[in-house]
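Peer 1: Take a look and give me a structure for this.
(chains A and B)
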Amino acid sequence: DGGITQSPKYLFRKEGQNVTLSCEQNLNHDAMYWYRQDPGQGLRLIYYSQIVNDFQKGDIAEGYSVSREKKESFPLTVTSAQKNPTAFYLCASIAGLAGPRGTGELFFGEGSRLTVL
Amino acid sequence: AQSVTQPDIHITVSEGASLELRCNYSYGATPYLFWYVQSPGQGLQLLLKYFSGDTLVQGIKGFEAEFKRSQSSFNLRKPSVHWSDAAEYFCAVGIRYGGSQGNLIFGKGTKLSVKP
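Peer 2: Next up is the predicted model:
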C-alpha cells in the first residue's frame, strides 16, 4: 500500500543535540512538506519541497534544516538552534500543486513526537 | 493575506445529535477548501474538498460541507454524530499558484468531544 512513513514515532533529545526525523513516501508525489503542530496552534509550515534538490522555507524555518536528494525522501533535522523543539511533527506530500494540475489533497504520515529533556 | 479561522476551539455534542463546525477564510480569489480530521497522536485524513461546481460537497464518514462565497465560509456538518467522530477537525484553504506558505493554510482546529 502506498503511503508516507515517518520515523521514529517518538524521540527524546537532550538540549544541544541535533536530531533528524525521517519521512519516506512511495506515492510518487512531487511535493513534500514538514509541519509542526503544537496544542491550540494548528499546523505551521516549516519547510516544503516541490522538486528534488529544491526546497523552500515555510513560516517557522528557523532552527530547522531539510534536504531533498531523492523524490521519495524528505528528512527534517531539528538543530540545537531551535529554542523550543518539543512538538509533534507531521510530514505530508501532494501529487501536485493545489491548483489545476493537482488534486489538492495532502497525504500525511502518522507523525513524530519529539521531546527535549 | 490568506487566513483560515475556526471560531470554536472545543465543541461537545451528544451522540446522535447534529454537528456543525464553522470555518471562515480570507482569500482574494476562489479558494480550494478542505476539511481534515485528526485522531489523537495520528496524522491528518482528508474528509472532503471543494474545488468548483456544486457548493455542497459530500465526504467520507457521512460528513458534508457547504461553500458559501458571500459569507466566506465552508462549514462542516453531520446529521448524526457517532462516538467515533471524537477528534480534532481542521479546515484548510489551498493557494492556487503556490507561494511561500506551501499551498495549504490551516485553521487552528476544533476539537470535538462526543457525550454518550
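
Peer 1: can you give me the strands in chain A?
Peer 2: Ranges of strands within chain A are A:4-7, A:10-13, A:19-25, A:31-38, A:42-51, A:54-57, A:64-66, A:76-78, A:87-94, A:106-108, A:112-116, based on DSSP state E.

Peer 1: Contact partners for A:Arg36?
Peer 2: A:43-44, A:46, A:60, A:87-90 (Cβ atoms under 8 Å, 6 or more residues apart in numbering or on different chains). Placement of C-beta: from N, CA and C, glycine included.

Peer 1: can I get those in a markdown table with pLDDT?
Peer 2: Shown next, in a markdown table, are these (pLDDT from 0 to 100):
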| residue | pLDDT |
| --- | --- |
| A:Leu43 | 91 |
| A:Arg44 | 91 |
| A:Ile46 | 94 |
| A:Ile60 | 93 |
| A:Ala87 | 96 |
| A:Phe88 | 96 |
| A:Tyr89 | 97 |
| A:Leu90 | 96 |
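
Peer 1: Is it correct that B:Pro7 is in contact with B:Asn24?
Peer 2: Yes: counting by Cβ atoms under 8 Å, B:Pro7 touches B:Asn24, with 7.3 Å between them.

Peer 1: Scan the helices and strands of chain B for the one with the lowest mean pLDDT.
Peer 2: strand B:104-106 (a mean of 86; mean pLDDT, DSSP states H and E).

Peer 1: so what strands line up beside that strand?
Peer 2: Strand pairing for strand B:104-106, determined by DSSP bridges: strand B:87-94 (antiparallel).
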